[in-house]
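> need coordinates for the below:
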Amino acid sequence: MNEKQTIAPSFNGYQKLVIFLLAMTQFTVVLDFMVMSPLGDIMIKTLKITASQFGIAVSAYAFSAGISGLLTAGFADKFDRKKLLLFFYIGFTIGTFFCALAPNFFLLVAARVFTGLFGGVIGSISLAIVADLFSLQQRGKVMGFIQMGFGVSQVLGIPIGLYIANAWGWHVPFLWIAAMAAIITIILYVKLKPVTEHLHLKQEKTALKHLIHTISKKNYQVGFLATALLSIGGFMMMPFGSAFAINNLKVTNEQLPLLFMITGIATLITMPFIGKLSDKVNKFKIFALATISAVILINIYAQFGPTPFWIVLLINVFMMAAIMSRMVPSTTLTSAIPDPQDRGAFMSINSSLQQMAGGFGAVIAGLIIYQKDSYAPLEHYDILAMTASGIMLLTIFLVFRVSKIVDTKTNKL
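Residues are numbered from 1 along each chain as shown. Below is the predicted model:
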């Protein structure tokens, strides 16, 4: 596949099917993780836990996903990517079902650990499949569509999950996600063709050597560091979003699903547009502009007290659009760093660092945030925003370095 094409070739029928299937897996995995944030206020009150404990429940998934990514990195390029995707997606489905059955905080954390062990690897396998089947000139558009799973989870998933939770309890949304994932698993098994071209390329004989080889490459290390800091900055604000909206901004439980739904619609519109734009315009410039916009908006938002709903809605729409506009160009650039024979291992390690760094960010957020009781306003949210902003600004430099590595590699082809 010629990476130096200036005009992105159109997708064939099978490629469109692959995009749809990967987007659906992304939708369920993202929804499983994202639903924790809007359910946060309900779970804190129902389980009678502290903000710090909720941060642990969120980070449990992230840390186990990170460990799983490292453990599987050495094997990621030694199997058919379809088989790997099915194996981990089935495990994710079972783990989500366990979450629905969890009767208390400790068993919930155990279920989140199990789910993370499987769910945390799915994104990296999907990215490796994208890198195998699509040229660099197509990938921005593909990433835009696949990461629409994030937007769809907000437009449909999170509001429906909140309505279900308000009616029947926080356990039921996890049952719903597990049922959807079971159906998608069957479709993946039937429709997705084996992805095996990478198996014909020269690789290290052992999984450990392959892992060490991938970690030791300096260009890869720049990509890993950029991903880690991107995740820490993004994760820090996320876990306590609904608790801040309800307890500080005085958004009602009835308004919260509408807030997520409209914000998600804005994300759905933004993601494909940014994906197409990143195939035509300098990806780093898009990332830098989006990062600066996000930093300004989150610091304004963090200063709010009780606020009219329409203002909260408006700033959330622009804030989320800015945050997600960072993800498409940065993910596309990072996917272009590894050589074909290293893609699976690189994506697994990258996903591992992303998850663990995100978990670290959630733990930091839980330590910074203080709440006198489960109904009191969150304190120190402004400090959290400033801390996240500093990390986000640092990522501009790292993604610039990633873009230079990709430019150099592309020019050699």
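> now the element after the worst-scoring helix or strand of the chain on mean pLDDT, going C-ward?
Every helix and strand of the chain was ranked by mean pLDDT, DSSP states H and E. The lowest is helix 148-152, at a mean of 66. Once helix 148-152 ends, the next helix or strand along the chain (criterion: DSSP states H and E) is helix 158-168.
> and that following helix, how far from the chain's centre?
22 Å (C-alpha atoms, centre = their mean, to the nearest Å).
> before we move on, what about stretch 358-372?
With C-alpha atoms, centre = their mean, you get 18 Å for stretch 358-372.
> what does it rub up against?
Residues outside stretch 358-372 that contact it (C-beta atoms under 8 Å, 6 or more residues apart in numbering): 50-56, 58-63, 65-66, 231-240, 243, 247, 377-381, 383-384, 387-388. From N, CA and C alone the C-beta is placed, and that goes for glycine too.
> show me which of the residues you listed are buried.
Applying 16 or more other C-beta atoms under 10 Å to the contacts of stretch 358-372, the neighbour count classes 51, 53-56, 58-63, 65-66, 231-240, 243, 247, 377-378, 381, 384, 387-388 as buried.
> ok, residue 81 touching residue 125?
Yes. Residue 81 is within contact range of residue 125, at 5.8 Å (criterion: C-beta atoms under 8 Å).
> looking at these two, which is more packed in?
residue 125 (28 against 24; other C-beta atoms under 10 Å).
> so what does whatever helix or strand the more buried one lives in touch, helix or strand wise?
Using DSSP H and E, residue 125 falls within helix 105-133. For helix 105-133, the elements it packs on are helix 13-34, helix 51-73, helix 81-101, helix 136-146, helix 309-335, helix 343-368, judged by 3 or more C-beta pairs under 8 Å, 6 or more residues apart in numbering; DSSP states H and E.
> okay, those helices in CSV with distance to residue 183 next?
Below are the helices and strands packed on helix 105-133 laid out as CSV (distance: least, C-beta to C-beta, whole Å):
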stretch, distance to residue 183
helix 13-34, 9
helix 51-73, 22
helix 81-101, 10
helix 136-146, 19
helix 309-335, 26
helix 343-368, 24
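> in the lengthiest helix in the chain, what's buried?
Looking across the chain with DSSP state H, the single longest helix is helix 381-412. The neighbour-count check on helix 381-412 (16+ other C-beta under 10 Å) flags 381, 384-385, 387-389, 391-396, 398-399, 402-403, 405-406, 409 as buried.
> how about stretch 31-51?
Going by 16+ other C-beta under 10 Å, stretch 31-51 has these buried residues: 31-44, 47, 49, 51.
> quick one: neighbours of the closest residue to residue 98 other than its chain neighbours, just the number.
Of all residues not flanking residue 98 in the chain, residue 111 sits nearest, at 4.0 Å (C-beta to C-beta, 6 or more residues apart in numbering). A count of neighbours around residue 111, defined by other C-beta under 10 Å, yields 23.
> model confidence score at residue 111, please.
Per-residue pLDDT puts residue 111 at 93.
> what's the distance between the most centrally placed residue in the chain and residue 405?
The residue lying closest to the centre of the chain (C-alpha atoms, centre = their mean) is residue 30, at 6.2 Å. Distance from residue 30 to residue 405, counting by C-beta to C-beta, to the nearest Å: 28 Å.
> before we move on, back to that, the helices and strands packed on helix 105-133: which one's closest to residue 170?
Shortest distance between residue 170 and the helices and strands packed on helix 105-133, using C-beta to C-beta, is found for helix 81-101: 9.3 Å.
> can you tell me which helices and strands the closest one packs against?
helix 13-34, helix 105-133, helix 171-191.
> which of those helices is buried the deepest?
Among those, helix 105-133 has the highest mean neighbour count (mean count of other C-beta atoms under 10 Å), at a mean of 23.
> that helix vs helix 51-73, what angle?
40 degrees (axes from the mean of the first three to the mean of the last three C-alpha atoms, to 10 degrees).
> rewinding a little: what angle sits between the helix holding residue 125 and helix 81-101?
Using the same axes, to 10 degrees: helix 105-133 against helix 81-101 is 160 degrees.
> quick check, residue 286 in contact with residue 325.
Yes. Counting by C-beta under 8 Å, residue 286 does reach residue 325; the two are 6.7 Å apart.
> more crowded one of those two?
Neighbour count, other C-beta under 10 Å: between residue 286 and residue 325, residue 325 has more, with 25 against 20.
> return the residues in contact with the more buried one.
Counting by C-beta under 8 Å, 6+ apart, residue 325 has contacts 270, 274, 286, 287, 290, 293.
> how about whatever helix or strand the fourth one lives in: buried residues?
Here residue 287 is covered by helix 283-302, with elements defined by DSSP H and E. By neighbour count, and taking 16+ other C-beta under 10 Å as the criterion, the buried residues in helix 283-302 are 283-284, 286-288, 290-291, 293-295, 297-298, 301-302.
> could you identify the most distant pair in these?
283 and 302 (28.3 Å).
> burial check on residue 12, number of neighbours?
9.
> phi and psi next, for it.
Backbone torsions of residue 12, given as degrees, to the nearest 10, read phi -90, psi 180.
> list phi and psi for residue 305.
Torsion angles at residue 305 (phi, psi; degrees, to the nearest 10) stand at phi -110, psi -150.
> who touches the nearest residue to it once chain neighbours are set aside in this structure?
Spatially, and ignoring its direct neighbours in sequence, residue 305 is nearest to residue 248 (6.5 Å; C-beta to C-beta, 6+ apart). Shown in contact with residue 248 (C-beta under 8 Å, 6+ apart): 304, 305, 306, 377, 378, 381.
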